[in-house]
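Engineer: Give me the fold of what follows.
(chains A and B)
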Amino acid sequence: MSPTGDPGNVFALDGVGVRRGEAVLLDDVTATIRAGRCTALVGPSGSGKSTLLRLLNRFDDPTSGSIAFHDRPLMAYDVLELRRRVGLVSQRPALLADTVLAELRVARPALPADEAAALLTRAGLGRGFLERASSTLSGGEAQRVCLARALTVSPEVLLLDEPTSSLDAASATAVEETIAHLAGEGPTVVLVSHDPGQAHRLADHVLVLSGGRLVESGEVGSVRYLGGPS
Amino acid sequence: MTATQVAVPSWIGVGTSVLLVGVAAAVAARQRLGVTRELLVAAVRSAVQLVAVGAVLGLLFVHAGVLGALGWVSAMVLIAGQVAGRRGAGVPRAARCATVGIAVGAAATLGVLLVLRVVMAEARVIVPVGGMVVSGAMAASAIVLRRVREQAVEARGQVEARLALGLPAEQAFAPQLRSALRTALIPNIDGTKVVGLISLPGAMTGLILAGVPPLTAIRYQVVVMWMLLAAAALSGLVTGRLAQRALFDPAHRLRPLVEVRTRRFRLRRA
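Structural biologist: Residues are numbered from 1 along each chain as shown, chains lettered A, B, ... in the order given. Model (predicted):
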């Protein structure tokens, strides 16, 4: 049965596949991503987690199957509008401007400083960071600035692609706390993680991928991949 | 003024100067630069090309008129587009982007000079002046394409970060394109700054060698320098814009760079 038609679903994937030449990156994935929850995509390296994530803001398109966003085909949306509604923070923080304030104004040049400071606070950084030079930020601070920057366009979904994997342990913990805080505020979060422990700490729902196929899904406590009941 | 009054080397002199190619080749070989063969091919190629071009220009100036000269410049644009396009190998449709960019830069610059009668509409003027314009435009387009290609790889994360915020492709790549254009224009700006101080440029040198008084010769050189600035700026801009469009698909995604097939010139042994 097609997983569409439920208003609680933000995304509904139906038989989604991605092929690049002979390589099958995703194969017949049917799943839903529920509104207001944190869904973790987990699995070993090369299982197709990041490929699946990049389909959701149309950085890639499936070669078979379909994806619906709020019950409308993803392709039917204006792609720029879609990306403002579905934000993405990638694995390595990509800083774009000289100062943190300028960073937060990349997508909203007229963003007031007070609003920028409030976004920094949501991302776990203080107002004092506004005038900081981007080049002086630690890896963890830079990633939290990237999270705040993603929030400047008020996305209803946040896609996080292994957001702590390039950070040291202390920074990773700080970023994880920020994600937990943001996820608790209500937006739908889709988190790619190779770390089962992190998925356990942050996610409500889990999709387990292996070799491009969806092999398991369910609530975080019930998934065998995360050590749930067998 | 006859040719013998102009300080032109005899054919024997030209033959003797091949020793200088030997010096360059010896340096390259001794330092193991890996360019000796390419250097020798370039030297032979330049001699063959220039002899052929000299013969054709002789005929062109006498028989072809202004239209023939413009046809010659158009052929130069096509060749220059292919050469500059190779510097952007990997960028989709790189040669086409370069050809259009060079054509626009050359047509606008040469057109202004001819329409305003700054230079004479004669074949013997259009061909060498057109050659300088096309050459300058080609250099700028080549640098822009090379930098655009490098930026598409090195700055992919930054470009995708802007795209992820919902910015359109042209805004997402704007800082990279600006950087490429700046890089392309710097050699021209620097060359214009120091002209006459640390170098006597080609057009002026040629006129002085031909016996024209220096204060007259510099008038031509000033026009040439300004013309080259305009040609480089316009060609770089148009080439860069077209390359940027080619790099993104309609869904504002950075395309993967196309596979590059390298071509090498090989000398056949007799």
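Engineer: Counting neighbours, what do you get for the residue nearest to residue A:11 when sequence neighbours are not counted?
Structural biologist: Using C-beta to C-beta, 6 or more residues apart in numbering or on different chains and skipping the chain neighbours, the partner closest in space to residue A:11 is residue A:33 (4.1 Å). (Each C-beta comes from the backbone N, C-alpha and C, glycine too.) Residue A:33 has 24 neighbours, counted by other C-beta atoms under 10 Å in any protein chain shown.
Engineer: helix/strand/coil for residue A:33?
Structural biologist: Following DSSP: H, G, I helix; E, B strand; the rest coil, the label given to residue A:33 is strand.
Engineer: for the record, mean pLDDT for the longest helix seen in chain A?
Structural biologist: Longest helix in chain A by number of residues, with DSSP state H as the criterion: helix A:169-184. What helix A:169-184 shows for mean pLDDT is 85.
Engineer: ok, and for it, which residues are buried?
Structural biologist: Within helix A:169-184, the residues scored as buried using 16 or more other C-beta atoms under 10 Å in any protein chain shown are A:171, A:172, A:174, A:175, A:176, A:178, A:179, A:182, A:183.
Engineer: Also stretch A:46-56?
Structural biologist: For stretch A:46-56, the neighbour count (16+ other C-beta under 10 Å) marks A:47, A:48, A:49, A:50, A:51, A:52, A:53, A:54, A:55, A:56 as buried.
Engineer: For chain B, state which of the residues you listed is nearest.
Structural biologist: Comparing the buried residues of stretch A:46-56 against chain B with C-beta to the nearest C-beta places residue A:54 closest, at 9.4 Å.
Engineer: Do I have it right that the closest one meets residue A:67?
Structural biologist: No. Judged on C-beta atoms under 8 Å, residue A:54 makes no contact with residue A:67 at a distance of 11.5 Å.
Engineer: Can you pull up the residues of chain B that come close to chain A?
Structural biologist: Residues of chain B lying close to chain A (C-beta under 8 Å from any C-beta of the partner chain) are B:157-158, B:160-168, B:175, B:251-253.
Engineer: The residue of the stretch 1-150 of chain B found nearest chain A: which element?
Structural biologist: In the stretch 1-150 of chain B, the residue that lies nearest chain A is residue B:150 (16.8 Å; C-beta to the nearest C-beta). When elements are assigned from DSSP states H and E, residue B:150 belongs to helix B:123-154.
Engineer: Show me what the helix or strand following that helix is packed against.
Structural biologist: Counting by DSSP H and E, the next helix or strand C-terminal to helix B:123-154 is helix B:156-164. Packing partners of helix B:156-164 (3 or more C-beta pairs under 8 Å, 6 or more residues apart in numbering or on different chains; DSSP states H and E): strand A:86-89, helix B:169-172, helix B:174-194.
Engineer: do you know which of the ones you listed lies nearest residue A:75?
Structural biologist: Closest approach to residue A:75 among the helices and strands packed on helix B:156-164 (C-beta to C-beta): strand A:86-89, 13.7 Å.
Engineer: That closest one pairs with which strands, and in what direction?
Structural biologist: If you go by DSSP bridges, strand A:86-89 pairs up with strand A:157-161 (parallel).
Engineer: Now residue A:27: closest residue in space, sequence neighbours ignored.
Structural biologist: Distance criterion C-beta to C-beta, 6+ apart; nearest residue to residue A:27, sequence neighbours excluded, is residue A:212 at 4.6 Å.
Engineer: what does chain A put close to chain B?
Structural biologist: So chain A meets chain B at A:57-61, A:79-84, A:87-90, A:92, A:94-96, A:106-107, A:146, A:149-150, A:152-153 (C-beta under 8 Å from any C-beta).
Engineer: Out of those residues, which sit inside strands?
Structural biologist: The strands, defined by DSSP state E, take in A:87, A:88, A:89 from these.
Engineer: nearest to chain B, of those residues?
Structural biologist: residue A:88 (4.1 Å).
Engineer: which residues does residue A:207 contact?
Structural biologist: Taking C-beta atoms under 8 Å, 6 or more residues apart in numbering or on different chains, we find residue A:207 in contact with A:31, A:39, A:40, A:41, A:42, A:214, A:216, A:217.
Engineer: before we move on, what about residue B:81?
Structural biologist: By C-beta under 8 Å, 6+ apart, the residues touching residue B:81 are B:95, B:96, B:98, B:99, B:100, B:101, B:102, B:103, B:138, B:141.
Engineer: element containing the fifth one?
Structural biologist: By that I understand residue B:100. Following DSSP H and E, one finds residue B:100 within helix B:94-115.
Engineer: Let me know the secondary structure of residue B:120.
Structural biologist: coil.
Engineer: which non-adjacent residue is nearest the residue nearest the centre of chain A?
Structural biologist: By C-alpha atoms, centre = their mean, chain A has its centre lying nearest to residue A:159, at 1.6 Å. Distance criterion C-beta to C-beta, 6+ apart; nearest residue to residue A:159, sequence neighbours excluded, is residue A:88 at 4.4 Å.
Engineer: Same check on residue B:208?
Structural biologist: residue B:217 (5.1 Å).
Engineer: relative to helix B:94-115, how tilted is whatever helix or strand the one you found lives in?
Structural biologist: Here residue B:217 sits within helix B:214-247, counting by DSSP H and E. Angle, helix B:214-247 to helix B:94-115, by axes from the mean of the first three to the mean of the last three C-alpha atoms, to 10 degrees: 150 degrees.
Engineer: Off-centre distance for helix B:214-247?
Structural biologist: The chain centre lies 10 Å from the centre of helix B:214-247; the measure is C-alpha atoms, centre = their mean, to the nearest Å.
Engineer: list the buried ones in that helix?
Structural biologist: Within helix B:214-247, judged by 16+ other C-beta under 10 Å, the buried ones are B:217-218, B:220-221, B:224-225, B:227-244, B:246-247.
Engineer: residue contacts, residue 187?
Structural biologist: All of this refers to chain A. Applying C-beta under 8 Å, 6+ apart, the residues near residue A:187 are A:36, A:155, A:156, A:157, A:158.
Engineer: wait, I meant chain B there
Structural biologist: Neighbouring residues of residue B:187 by C-beta under 8 Å, 6+ apart: B:139, B:143.
Engineer: separation between it and chain A?
Structural biologist: Separation of residue B:187 from chain A (C-beta to the nearest C-beta, to the nearest Å): 27 Å.
Engineer: In TSV, list the ones in strands among the residues of chain A next to chain B along with neighbour count.
Structural biologist: Shown next, in TSV, are these (neighbours: other C-beta atoms under 10 Å in any protein chain shown):
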residue	neighbour count
A:87	26
A:88	24
A:89	25
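Engineer: which residues in chain A form helices?
Structural biologist: With helices called from DSSP H, chain A shows them at A:49-56, A:79-85, A:100-104, A:113-122, A:139-151, A:169-184, A:196-202.
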